[in-house]
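S.K.: here is the input, now give the coordinates:
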Amino acid sequence: QVRLVESGGGLVRAGGSLRLSCVASGSIYSIDAMRWYRQAPGYQRELVASWTFGRFSNVVDSVKGRFTISADNAKNTIFLQMNSLKPEDTAVYYCNADVKTSYYDYESTYWGQGTQVTVSS
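M.R.: The predicted structure follows:
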């Protein structure tokens, strides 16, 4: 099976920074894309940033200029560098990945368990 583990969350004051990591492991033949989502209490889960291996990356407008997504392709890992954090960035941050477990397999999407980011004012 495939496992995604996020880390790097925590409590930070407004204006501070955090760097999240997400490592994919297990029966991985290939990964097409990995993404960061977040979900604040009472809100739907929303896309924050995406990384398509070998092609492109993107962050949503609400965090552009503050958040940067990057990856270590060889280690099936993505990062989210979050600078100039605001209280409204408070959420559980999740990563997901589109993974094939064999050459003949269809691509499936796997999720991590999430990491809490809390930004105090």
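S.K.: the helix-or-strand element of the chain with minimal mean pLDDT pairs with which strands?
M.R.: Lowest by mean pLDDT, DSSP states H and E among the helices and strands of the chain is strand 56-59, with a mean of 88. With DSSP bridges as the test, strand 56-59 is paired with strand 46-52 (antiparallel).
S.K.: by contact count, what packs against the helix or strand where Ser21 lies?
M.R.: Using DSSP states H and E, Ser21 falls within strand 18-26. In terms of contacts (3 or more Cβ pairs under 8 Å, 6 or more residues apart in numbering; DSSP states H and E), strand 18-26 is packed against strand 2-7, strand 30-39, strand 77-82, strand 91-100, strand 115-120. No exception for glycine: its C-beta is placed from N, CA and C like everyone else's.
S.K.: tell me the mean pLDDT for it?
M.R.: If you average the pLDDT over strand 18-26, you get 98.
S.K.: so what strands line up beside it?
M.R.: Strand 18-26 has these strand partners (DSSP bridges): strand 2-7 (antiparallel), strand 77-82 (antiparallel).
S.K.: residue nearest the centroid of this protein?
M.R.: Centroid-nearest residue in the chain: Trp36, 2.7 Å away (criterion: Cα atoms, centre = their mean).
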